[in-house]
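**Q** Sharing a model prediction with you, sequence too.
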Amino acid sequence: MIKTSSGTSRPRRPSAETRAVFDLLLAIVSTAHKLRAVGQRNGSVTAWGGGLWGLLHSLETGGPQTVPQLARARPVARQHIQKLADEMAAEGLVAFVENPAHKRSRLLEVTPQGEAVYLEITNELMALCGDFSAGQDLHDLELSISIINDLKDNLSALLDDENI
């Protein structure tokens, strides 16, 4: 059973703000599903749902990391990231390298071929975003980013509290 903050199972009428956050989260999930479908068409998401571009992005922005570190950051199962990493290594997009901090858990890093694929997909995504940005107000977009990041941080804190 899922724990709730109210401690009761009796439904109560949500405030307008509560309903708006709920609707925003539903919109984000729906958008993510559609983005995944677009990604499967353009190759940035594997047929089984692995985020090729997302993993490359994590490594490009965060540097070499272990599979468990990558899985915790998403958060997804380590096996999911391992499968994706193994596939990408077989294609020459990433490589496993020695980890000076840990003998058994190797680091995953982007190869030059992986960097080229990352840049190609990023450029495609930027072009798509360029199409969608027509008529959008920059202030509204920046406010949306701030709100979504706040919600993400609250969810991260909830996950961190549960892992104590």
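**A** Yes, it's here.

**Q** show me where this protein has strands.
**A** 65-66, 94-99, 102-110 (DSSP state E).

**Q** ok, Tyr118 touching Leu52?
**A** No - the pair Tyr118 / Leu52 is not scored as a contact, 9.0 Å apart, by CB atoms under 8 Å. In this view, the C-beta of every residue, glycine as well, is placed from N, C-alpha and C.

**Q** and the strands of the chain, which one is worst for confidence?
**A** The minimum mean pLDDT among the strands of the chain belongs to strand 102-110 (a mean of 89).

**Q** who does that one pair up with?
**A** Strand 102-110 sits in its sheet next to strand 65-66 (antiparallel), strand 94-99 (antiparallel), going by DSSP bridges.

**Q** can you list contacts of the longest one?
**A** It stands for strand 94-99. Under the criterion CB atoms under 8 Å, 6 or more residues apart in numbering, residues 55-56, 59, 64, 66, 85, 88-89, 105-111, 114 lie in contact with strand 94-99.

**Q** just the shortest one next, same as before
**A** Contacts to strand 65-66, defined as CB under 8 Å, 6+ apart, come from residues 58-59, 73, 99, 102, 105-108.

**Q** What I need now is these written out in CSV, including neighbour count and distance to Gln136 for each item.
**A** Shown next, in CSV, are the contacts of strand 65-66 (neighbours: other CB atoms under 10 Å; distance: CB to CB, whole Å):
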residue, neighbour count, distance to Gln136
Ser58, 19, 27
Leu59, 23, 30
Ala73, 13, 29
Asn99, 15, 43
His102, 11, 45
Ser105, 14, 43
Arg106, 16, 42
Leu107, 20, 39
Leu108, 26, 35
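
**Q** burial measure for Arg78, as a count.
**A** Using other CB atoms under 10 Å, Arg78 has 15 neighbouring residues.

**Q** is it true that it touches Val67?
**A** Yes - with contact defined as CB under 8 Å, Arg78 reaches Val67; the gap is 5.9 Å.

**Q** Could you identify the longest helix within the chain?
**A** helix 16-42 (DSSP state H).

**Q** So which elements touch it?
**A** Counting contacts by 3 or more CB pairs under 8 Å, 6 or more residues apart in numbering; DSSP states H and E, helix 16-42 packs against helix 112-133, helix 138-162.
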